[in-house]
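Asker: Just need the structure, nothing else, for what follows:
(one chain, ligands or ions: 1)
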Amino acid sequence: MKPQTATAPGKIILFGEHSVVYARPAIAVPVFQVHAEALIAPCDDARVLIRACNLAREYALDDAPPNDPLALIVRLTCARLNVAPRHFSVTMRSTIPPASGLGSGAAVSVAIVRALARYFARDLARAEIAALAFETEKLHHGTPSGIDNTVIAFEQPIYFVRGQPIETLRVARALTLVIADTGVAAPTRIAVGDVRRAWEHDRARYESLFDEMGAIARAARDALERGEVETLGELMDANQVLLRAIGVSSPEIETLLAAAARAGARGAKLSGAGRGGNVIALVDTVTQDEVARALQAAGARRVIVTRLEGG
Ligand code: MEV
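Answerer: Residues are numbered from 1 along each chain as shown. Predicted structure coming up:
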């Protein structure tokens with residue numbers, strides 16, 4: 001057996017985080033500037049050894065706690081490939097900051113599934129890879145919609161509705177987005193759990209807010225497919241108003257959004273679960289550098305400029 005590596009990108013949610021958990025549509029795109037990488041190598045030890053380099057942890061599969069996502073994805077993938085989990089090591093590295101809305105957990109799982117399939121010389125369809133990674137998403141946060149594992153396994157812009165066939169999206173005109181990290185790690189589980197409790201407490205209000213978010217995602221899909229960049233910016237701002245209303249924004253997020261707006265962004269919002277993590281700002285070639293600089297000056301820990309190719 002030869003060592004094999006595989007990678008998986010990060011992701012951002014353009015529209016519809018949180019409401020997507022409640023079966024409204026959402027739009028997500030991959031982010032190739034960050035990635036997770038898995039290396040599978042043969043080892044003399046009969047056990048499977050897992051090395052999580054970012055966490056400086058090394059352990060045997062059999063000693064992993066029951067809720068360990070790396071152990072779960074290795075076990076599930078071996079079962080799917082019909083191979084015994086023996087005599088190999090799994091080494092994980094990732095440049096995706098955890099708990100920041102960029103899909104780090106899903107990317108780690110997808111990279112492991114891909115690397116194991118390569119190591120055992122097997123092909124898995126993207127939907128199958130997404131389905132395996134979905135199982136670990138449940139460990140990360142209980143009631144995931146499935147959008148993170150799907151966009152990362154498909155590596156294309158997607159229009160996603162929970163439980164419905166996956167639709168990839170055609171973007172008519174190239175878009176540039178600045179992604180800025182508040183530096184506040186905010187586990188998805190906590191924000192998703194808080195929104196659920198609030199929804200249970202006042203279903204009518206939350207259902208109507210989720211309906212509005214869903215309508216924005218639908219309008220955004222049309223705008224993306226028609227290349228209406230100005231409309232997209234307005235829809236991002238409108239989505240942020242609703243995210244604020246469900247309680248997932250934060251002072252750090254609002255500081256970055258205000259800085260992006262002052263520097264000329266067409267629209268901006270938090271992306272992912274919120275409470276911290278990353279914000280995204282829609283820019284053009286004229287404002288791109290200015291917005292990136294403004295975000296840094298306003299305290300962003302890291303700024304990434306990403307482009308969605310059109311056509
Ligand atoms: C997390 O990236 C997006 C959320 O909508 C959760 C989910 O869809 O599972 C907050």
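Asker: contacts and neighbour counts: CA atoms only from here.
Answerer: Will do.
Asker: Look up phi and psi at the most far-flung residue of the chain relative to its centre.
Answerer: When distances are taken from the C-alpha mean of the chain, Asp44 lies farthest, 35.7 Å away, according to CA atoms, centre = their mean. Asp44 has phi and psi values of phi -70, psi -40 when expressed as degrees, to the nearest 10.
Asker: tell me which parts of this protein are close to the ligand?
Answerer: Selection of the chain residues close to the ligand by CA under 6 Å from any ligand atom yields 17-18, 20-21, 101, 144-148, 192, 272-273.
Asker: For stretch 132-142, list every residue counted as buried.
Answerer: Leu132, Ala133, Phe134, Glu135, Thr136, Glu137, Leu139, His140, His141 (16 or more other CA atoms under 10 Å).
Asker: I misspoke; the intended subject was stretch 200-214.
Answerer: Those would be Tyr206, Leu209, Phe210, Asp211, Glu212, Met213, Gly214, for stretch 200-214 by 16+ other CA under 10 Å.
Asker: same thing with stretch 269-287?
Answerer: 269-284, 287.
Asker: Among the residues of the chain next to the ligand, which are located in helices?
Answerer: Ile147, Asp148, Val192 (DSSP state H).
Asker: ok, of those residues, which one's closest to Val48?
Answerer: Asp148 (26.9 Å; CA to CA).
Asker: quick one: the strand ranked longest in the chain to chain centroid distance?
Answerer: Assignment by DSSP state E gives strand 26-42 as the longest strand of the chain. Averaging C-alpha coordinates over strand 26-42 and over its chain gives two centres that are 10 Å apart (CA atoms, centre = their mean, to the nearest Å).
Asker: C-terminal to it, what's the next element?
Answerer: strand 48-52 (DSSP states H and E).
Asker: just the helices in this structure please.
Answerer: Using DSSP H, helices in the chain cover 69-81, 104-119, 126-141, 147-154, 188-201, 203-226, 229-245, 251-262, 288-297.
Asker: Against Ile96, how distant is the most centrally placed residue in the chain?
Answerer: The residue lying closest to the centre of the chain (CA atoms, centre = their mean) is Gly103, at 2.9 Å. Using CA to CA, to the nearest Å, Gly103 is found at 8 Å from Ile96.
Asker: Overlap of the contact sets of the two?
Answerer: Jointly contacting Gly103 and Ile96 under the rule CA atoms under 8 Å, 6 or more residues apart in numbering are Gly10.
Asker: any idea how far the nearest residue to Val178 once chain neighbours are set aside is from Thr176?
Answerer: Spatial nearest neighbour of Val178, chain neighbours left out: Val305 (4.5 Å); criterion: CA to CA, 6 or more residues apart in numbering. Between Val305 and Thr176 the computed distance is 7 Å (CA to CA).
Asker: ok, now Gln240?
Answerer: 18 Å.
Asker: Mind checking which of those two has more residues around it?
Answerer: A side-by-side neighbour count of Gln240 and Thr176, using other CA atoms under 10 Å, places Gln240 first with 24 against 17.
Asker: ok, now which ones touch the closest residue to Gly10 other than its chain neighbours?
Answerer: Spatial nearest neighbour of Gly10, excluding adjacent residues (CA to CA, 6+ apart): Val31 at 4.9 Å. Contact analysis of Val31 by CA under 8 Å, 6+ apart lists Pro9, Gly10, Lys11, Ile12, Thr306.
Asker: Ala131 too?
Answerer: Residues near Ala131 by CA under 8 Å, 6+ apart: Asn149, Thr150.
Asker: And the one 3 residues further on, by the same measure?
Answerer: By CA under 8 Å, 6+ apart, the contact set of Phe134 is Ala106, Pro144, Gly146, Asn149.
Asker: The third one touches Arg162, doesn't it?
Answerer: Okay, so that is Gly146. Yes. Contact criterion CA atoms under 8 Å: Gly146 and Arg162 qualify, at 6.9 Å.
Asker: between these two, which one's more packed in?
Answerer: Counted by other CA under 10 Å, Gly146 and Arg162 do not tie: Gly146 has more neighbours, with 22 against 17.
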